[in-house]
Structures are given as structure tokens and as C-alpha cells.
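Chemist: please find the sequence and the predicted model below.
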Amino acid sequence: MNFTTGSSEDELLSLDNIRSTLIRLEDTIIFALIERSQFAWNQKIYEKGAFEELKVLGFEGSWLGWFLFETESFHAKARRYTSPDEHPFTPIQKLPQPIIAMQSFPSLLHPQSAAHPSTNANSRILDFYVNKIVLAITKRVKISKGSTDRDDGNYGSSATRDVEVLQALSRRIHFGMFVSESKFRGAPHKFIPHILAQPPNTEALAGLITKPAVEAALLVRLGNKAEIYGQELDPQGKLRKSPGEATESGSSGHAETRLDTAEVVALYRDWVIPLTKDVEVGKLAQCHI
Ligand SMILES: O=C(O)C(=O)C[C@]1(C(=O)O)C=C[C@@H](O)C=C1
């Protein structure tokens, strides 16, 4: 979504527009996962203090934490985190100020929402990504013979891809703020009693924002995309076939796609959609009072 094109708030907050951004982000996320899945798990890059070299620099966190800090420091200077749809993983107070003036954005969201901790899901995103997802998507990487530790030494390449996956996931999940704003504006009378309840009725709010048919269609579409984007073509541009289905050129082909489709579907079903809903509910419960 481009906030500075002069589109009206109603256009920017139309559910169709927002959903088309969510659909496009599915592609970004799948391709970023494919990129990460070429490298081994490399568990060491997620452990605090595992790299002596970082301690020398005075950085206490993990290798990935350092990549996030350095990448986000640079992006902060270019005012990335002043945009309503961008949230850094590094605490904002540790990042430098933008070197150029703020852009003016339409006031799409209630003023409290962007800053409110209940709408920042990044620590939960980092947690499920590091502890569940990386492990699952790097299962197929072949490590040198005899090695059992799923470490191929590609620490820089792995962390670079991790940052890309994390930024895409974060953007997608925080879009929940726009989704719930759009739904609220479509029928404020349905939401207001549950927002004003003390404490706010988060269960009722979750019921109002949940659209089972949209979720079901998403999971089917995502599985199909993961299947299609994960396919490999041989140098002649022909689809690689599984063994037993040799191509005309005689190549025996590959048995597997680049990504496990079921893992991608599970990522959305178990983490991305539930966290998006948490952001939607958190934003409604905290910010429209
Ligand atoms: O499209 C919506 O209405 C959303 O709220 C987004 C989303 C999702 O994460 O994809 C979340 C909750 C709904 O049940 C359906 C889909």
C-alpha cells in the first residue's frame, strides 16, 4: 500500500485494497522462505553471545539480532519506521533518527494505535520464526557428509534472508491494524459496545473480525502458490519431474519442490493468521476508547 499517492482514506482503507496487499505479500513471503531454505538451519546465529566477534564490537545479542540492528539502523535513517505499516524488531529508542524530514501520511489509524504495545507483534514473530519456522524450512538442506549439526557455515547469507522473511511477516501481520480499522468503519455500532466494555470484550471483537471463508480460501491459494513457486525448471525450461517420470531429454529430474507446501500452509494457519487477528483485536480493544 502506498500512503503518499494522494488516495483518499476511504480508498486506502477499502477491504478490497487491503486484502490485495495481503495477497501480494503471500508471494513475497513464499519467495523469501525459498531463499532462506537454501541454507542450513545454522542454529548458532540465533544464540545470544555465540559470536565472540560481536562482543568485541560491544553487541550483546545474537548474530541475527545484530543483523536486524544494523539493517534497521540504516533503514531508520531513511525514515522507514515513520511509515504507518513498518515496525522495527530493534526497540525504536535504540535506532537513529531519520536524516530527512517526515513525510505526511493520512491519519488512517487512531493516533494511539501505532505506538501501543498491544499492536506490536514483533517479539512474538521473532519467537515463532526462530523456534519453529527456520527449523522446518531448512530440513531439506544437504550438509556435507558426516555432519549432523545442520550447520553449513553460511551465517551472513542465512541472516540476510532471515531479515527479509521477518520484515515481510511483520508487515503482513501488522496490516491487521488497517484491516480492523476498515471493518470498524464499516459497522462501528457492532464494535463500540465491546470496545467500551470494562475490560473490552476481546472474544466478541475476535468473533466480529473473523471471516472463516476468507481464511479457508487463503490457505488453499497459499498451498497452490507454494506448490507452483517451489517448482524447479531444468536449464531447457522444462519442469523437473520426479524419478520415474523422466523428461524427454532423459534427465531424471528432482523428486521435491524447493519448499515443503504443508509447512508454508501451517505457518499461516498456526502463526500468521492468528497473530494478524491478535493485532486486529488489540488495536480495537486499546485504541478506540
Ligand atoms: O481479510 C480479513 O478480513 C482479515 O481479517 C485477515 C485475515 C488474515 O489474516 O488473512 C484474518 C482474519 C480473518 O478471519 C480472515 C483473514
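Modeler: Nice, thanks for sending it over. Residues are numbered from 1 along each chain as shown.
Chemist: what sits against the residue of the chain found nearest the ligand?
Modeler: Residue nearest to the ligand within the chain (C-beta to the nearest ligand atom): residue 276, separated by 3.6 Å. C-beta here means a position set from N, CA and C on the backbone, and glycine is covered the same way. Residue 276 sits next to 172-173, 175-176, 179 when contact means C-beta atoms under 8 Å, 6 or more residues apart in numbering.
Chemist: any stretches of the protein with poor pLDDT?
Modeler: Within the chain, the segments meeting pLDDT under 70 span 1-6, 107-118, 145-148, 242-256, 287-289.
Chemist: could you pick out the residues of the stretch 151-289 of the chain near the ligand for me?
Modeler: Proximity of the stretch 151-289 of the chain to the ligand, by C-beta under 6 Å from any ligand atom, involves residues 179, 209-211, 214-215, 218, 273, 276-277, 280.
Chemist: the spatially most central residue of the chain in helix, strand or coil?
Modeler: By C-alpha atoms, centre = their mean, the chain has its centre lying nearest to residue 169, at 0.4 Å. Secondary structure assignment for residue 169 (DSSP: H, G, I helix; E, B strand; the rest coil): helix.
Chemist: before we move on, back to that, generate a PyMOL selection restricted to the buried subset of the residues of the stretch 151-289 of the chain next to the ligand.
Modeler: For the buried members of these, the matching PyMOL selection, counting by 16 or more other C-beta atoms under 10 Å, is:
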select buried, resi 179+209+218+273+276+277+280
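Chemist: helices of the stretch 151-289 of the chain, start to end?
Modeler: In the stretch 151-289 of the chain, the segments counted as helices under DSSP state H, counting those that start in this stretch are 155-174, 176-186, 188-196, 202-209, 212-229, 261-267, 273-287.
Chemist: before we move on, the earlier item: any chance of JSON lines for the residues of the stretch 151-289 of the chain next to the ligand, columns distance to residue 198?
Modeler: Output for those, formatted as JSON lines (distance: C-beta to C-beta, whole Å):
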{"residue": "179", "distance to residue 198": "25"}
{"residue": "209", "distance to residue 198": "20"}
{"residue": "210", "distance to residue 198": "23"}
{"residue": "211", "distance to residue 198": "27"}
{"residue": "214", "distance to residue 198": "31"}
{"residue": "215", "distance to residue 198": "30"}
{"residue": "218", "distance to residue 198": "34"}
{"residue": "273", "distance to residue 198": "29"}
{"residue": "276", "distance to residue 198": "26"}
{"residue": "277", "distance to residue 198": "22"}
{"residue": "280", "distance to residue 198": "20"}
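Chemist: pull out the CA atoms of stretch 180-193 and give them to me as PDB.
Modeler: In PDB, the C-alpha atoms belonging to stretch 180-193 read as follows (Å, rounded to 0.1, in the frame of the first residue of the first chain):
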ATOM      1  CA  SER A 180      -9.600  -3.900  11.700                       C
ATOM      2  CA  GLU A 181      -9.900  -0.100  11.100                       C
ATOM      3  CA  SER A 182     -11.600  -0.800   7.900                       C
ATOM      4  CA  LYS A 183     -14.000  -3.300   9.500                       C
ATOM      5  CA  PHE A 184     -14.700  -0.900  12.300                       C
ATOM      6  CA  ARG A 185     -15.500   2.000  10.000                       C
ATOM      7  CA  GLY A 186     -17.900  -0.300   8.100                       C
ATOM      8  CA  ALA A 187     -20.000  -1.000  11.100                       C
ATOM      9  CA  PRO A 188     -18.900   1.000  14.200                       C
ATOM     10  CA  HIS A 189     -22.200   0.200  16.100                       C
ATOM     11  CA  LYS A 190     -21.300  -3.500  16.200                       C
ATOM     12  CA  PHE A 191     -17.900  -2.900  17.700                       C
ATOM     13  CA  ILE A 192     -18.400   0.000  20.100                       C
ATOM     14  CA  PRO A 193     -20.200  -1.800  22.900                       C
END
